[in-house]
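1. coordinates only, sequence not included:
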């Protein structure tokens, strides 16, 4: 279930996202333009006017990972599973993809309640999401899990599919708004990067 504490508050904003000097974009570039006293979100920080959602992962990309081998030496489920859950394979990855979590991520005690058809795996010193099911488009579940763990969803998954029964509930409307905020932030970064390139290399 989507955590209502992490739903962004609606606010007025100009088109695009302006930036202040010293703000870093998605690849670490410095952005120096300032407009209307509105600042762009810094990567890995939370936005004023929202409840502790991080922009750190909005450009995250999934990676291939073979879960058929290496358990538990190379990877492990990062949840405190009961004997019954272990026996039943609950929270075991089903698809050979991993979805990055933040550099400072720590597994919350209520992780099960925050996950939507996903699990958390540990590979070395890093944590990732992984799907526990497949056979249909899981975009909504991926976005919901990221939000419930405190992150705006990666823009990779912010083209939410029209699936019967999805998109009308209060929870789904919250997911849509969080996805839209990811897209606004990324669009602002890219617009600023274009301006920077044009300023550095005028035609």
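-> Received, thanks. Predicted model, so just to flag it, every value in this text is computed and none were measured.
2. the residue sitting nearest the centre point of the chain: what's it in contact with?
-> Geometric centre of the chain, nearest residue: residue 153, 3.1 Å, by Cα atoms, centre = their mean. If a contact means Cβ atoms under 8 Å, 6 or more residues apart in numbering, then residue 153 has 57, 58, 142, 143, 146, 147, 175, 178, 179, 182 as its contacts. Heads up, the C-betas are built off the backbone N, CA and C, glycines and all.
3. try 6 Å this time
-> 143, 146, 179, 182 (Cβ atoms under 6 Å, 6 or more residues apart in numbering).
4. name the nearest residue to it, sequence neighbours excluded.
-> In this structure, residue 153 finds its nearest non-sequential neighbour in residue 143, 4.0 Å apart by Cβ to Cβ, 6 or more residues apart in numbering.
5. and that neighbour, that's in a helix?
-> Yes. Under DSSP: H, G, I helix; E, B strand; the rest coil, residue 143 sits within a helix.
6. tally up the residues packed near it, please.
-> If you count neighbours by other Cβ atoms under 10 Å, residue 143 ends up with 25.
7. show me where the chain has its strands.
-> Remark: strands assigned in the chain by DSSP state E are 23-24, 30-31, 63-64, 76-77, 97-100, 118-123, 126-131.
8. closest one to residue 85 among those strands?
-> strand 76-77 (9.0 Å; Cβ to Cβ).
9. neighbouring strands for that closest one, and are they parallel or not?
-> Paired neighbours of strand 76-77 in the sheet (DSSP bridges): strand 118-123 (antiparallel).
10. return the angle between stretch directions for the strand it pairs with and strand 126-131.
-> 150 degrees (axes from the mean of the first three to the mean of the last three Cα atoms, to 10 degrees).
11. how many neighbours does residue 163 have?
-> 12.
12. most neighbours among the contacts of residue 153, which one?
-> residue 146 (30 neighbours).
13. state the distance from the closest residue to residue 67 other than its chain neighbours to residue 185.
-> Counting by Cβ to Cβ, 6+ apart, residue 67 lies nearest to residue 93, which is 4.5 Å off, once chain neighbours are set aside. If you measure residue 93 against residue 185 using Cβ to Cβ, to the nearest Å, the figure is 29 Å.
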